[in-house]
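**Q** Here's a sequence, model it:
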Amino acid sequence: MGRDVIIACDFPSAEQTLAFLDRFEGEKPFVKIGMELFYGAGPEIVREIKARGHKIFLDLKLHDIPNTVKKAMNVLSRLDVDICNLHAAGGAEMMRAALEGLTRPDGSRPLLIAVTQLTSTNQETLENELLIREPMEQVVMSYAENARNAGLDGVVCSPLEAERVHSRCGAGFLTVTPGVRFADGDKGDQKRVMTPAQAKAIGSDYIVVGRPITAAADPVAAYQRCCAEFIG
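**A** Residues are numbered from 1 along each chain as shown. The predicted structure is shown next:
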């Protein structure tokens, strides 16, 4: 898979999600299914969207003891998604267990990536609430290296950190970056953001874009603008 725009379909129901995707006549955008939709509509929405021909990033951010995560990933491996994720904060043992659980008997599996730090987290939150005193960039790099060493395919990180992740972990180590907003758009609750064009310039492999597309007056036009700026 090459560079792409992933639409965050953060809707509460299958009906709203499918109605939204129906607007993309002749196009099959890459779709992110997060907690809200998965918990609201269940695994059947994954099967339905996959049957329509979309690639899927299943964004459930698993974080638990290694054995629990391994078993959960084994279940998710049956959904035929393209990308799954977990929290790097769970540690290397958990990430290795997740990879083992996600790998099917024939050796195939979805890509597995780790969330470094949420794009809603800033340095103040890191220090005052999470009690992590190191600079944000250093924390992200350490988590990314842990994920690489555990055998994962890449990380979810802010676009601000994507270039250095590639430098530290290799060009083939994927960076999936949320926190992308149009230059003339609202940042919402995101604190570490870039535009699609800036994310392209620093080497993000995938950008995840939600409200700038899903809440736009014309979502298809917003998606096409995002693709033009990021993919070219």
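
**Q** just checking, I207 touches E229?
**A** No - I207 lies out of contact with E229 (CB atoms under 8 Å); the separation is 9.5 Å. Just so you know, the C-beta spots here come from the backbone N, C-alpha and C atoms, and that holds for glycine as well.

**Q** Out of the two, name the residue with the larger neighbour count.
**A** I207 (27 against 19; other CB atoms under 10 Å).

**Q** what sits in contact with each of I207 and E229?
**A** Common neighbours of I207 and E229, counting by CB atoms under 8 Å, 6 or more residues apart in numbering, are P196.

**Q** partners of the longest strand along the chain in the sheet?
**A** Assignment by DSSP state E gives strand 56-62 as the longest strand of the chain. Take DSSP bridges as the rule and strand 56-62 pairs in its sheet with strand 30-33 (parallel), strand 83-87 (parallel).

**Q** is it fair to say T175 lies in a helix?
**A** No - checked against DSSP: H, G, I helix; E, B strand; the rest coil, T175 lies outside a helix; its state is strand.

**Q** quick one: stretch 149-165 to chain centroid distance?
**A** 11 Å (CA atoms, centre = their mean, to the nearest Å).

**Q** nearest spatial neighbour of V208, skipping sequence neighbours?
**A** Counting by CB to CB, 6 or more residues apart in numbering, V208 lies nearest to P178, which is 4.2 Å off, once chain neighbours are set aside.

**Q** Kindly report the same for V156.
**A** V115 (4.5 Å).

**Q** how about the strands in the chain?
**A** Under DSSP E, the chain gives strands at 4-8, 30-33, 56-62, 83-87, 111-115, 154-156, 174-177, 206-209.

**Q** quick one: average pLDDT of the longest one?
**A** In this case it means strand 56-62. Averaged across strand 56-62, pLDDT comes to 98.
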